[in-house]
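Colleague: Return atomic coordinates for the entry below.
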Amino acid sequence: MAQKWTSAQVENYLRSTLSKSGFDLTPPRENGETGADIIARKGERALFFEAIGYKQSPPARSKDFYEVFFRAISRLRKGATECIIALPVQFGVGLHQRASQYGVAWQRLGDSFPELSVWLVNVDSASHTEHEWNEWGYK
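Modeller: Below you'll find the predicted structure:
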C-alpha cells in the first residue's frame, strides 16, 4: 500500500522544487500561524499554495479538501495570480468521482476561479503533476 503523506511532507517537497525553479519563497509558518502555506514569487507570478495531507478516514479527507478549497480561493484578496491546492497523489483517484458528484457546480467553480489549480504530489518519487480545476470535469 502506498504511503499516505502528511501536509508537512507535501509542503517540504514543494519548497524544494519551487526553490530549484528560481522562485522566492516565504519562510515556513509556525504552528497556528495563519496565511498561505507557501507564497512563491517569480517575475509577475504569485503562486499561493495550500497543502494538505492524506488521512485514512474518508470523512476527514473530505473535510480537509473543502477547507483547503476555501483557504485557496481566499488568497485572491492577497494578490495571488495562481491559487494552488497541493495534495498527495492518492487524492487524484477520487477527483473524477468528486467532480461527478457535484456536476455543473464543479464546472462553475472552475469557471469562476480560473486561477485555481490542483497539484498532485508524489513525495516518494519527488514529482508532481499540475491540473486545472475543470480538468476532471463531470458526467
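Colleague: rest of the way, CA atoms for contacts and neighbours
Modeller: Noted.
Colleague: which residues of the chain score low on pLDDT?
Modeller: 1-3, 138-139 (pLDDT under 70).
Colleague: Closest to the centroid, which residue in it?
Modeller: Centrality entry for the chain: nearest residue to the mean C-alpha point is Ile85, 1.3 Å, by C-alpha atoms, centre = their mean.
Colleague: Contacts for whichever strand or helix holds that residue, please.
Modeller: For Ile85, the host element (DSSP states H and E) is strand 82-88. Residues outside strand 82-88 that contact it (C-alpha atoms under 8 Å, 6 or more residues apart in numbering): 4-5, 7, 10, 45-54, 68-69, 72-73, 75-76, 115-123.
Colleague: Then stretch 55-69?
Modeller: Applying C-alpha under 8 Å, 6+ apart, the contact partners of stretch 55-69 are Lys4, Glu50, Ala51, Ile52, Tyr54, Ile85.
Colleague: Spit out the contact partners of Phe48.
Modeller: Ala36, Asp37, Ile38, Ile39, Ala40, Ala72, Arg75, Ala80, Thr81, Glu82, Cys83, Ile84.
Colleague: Does the fourth one touch Arg45 like I think?
Modeller: No: contact criterion C-alpha atoms under 8 Å: Ile39 and Arg45 do not qualify, at 10.1 Å.
Colleague: and those two? which has more neighbours close in?
Modeller: Ile39 (22 against 13; other C-alpha atoms under 10 Å).
Colleague: Looks to me like that one is in a strand.
Modeller: Yes: applying DSSP: H, G, I helix; E, B strand; the rest coil, one finds Ile39 inside a strand.
Colleague: who's in contact with it?
Modeller: Contacts for Ile39 (C-alpha under 8 Å, 6+ apart) come out as Leu25, Thr26, Ala46, Leu47, Phe48, Phe49.
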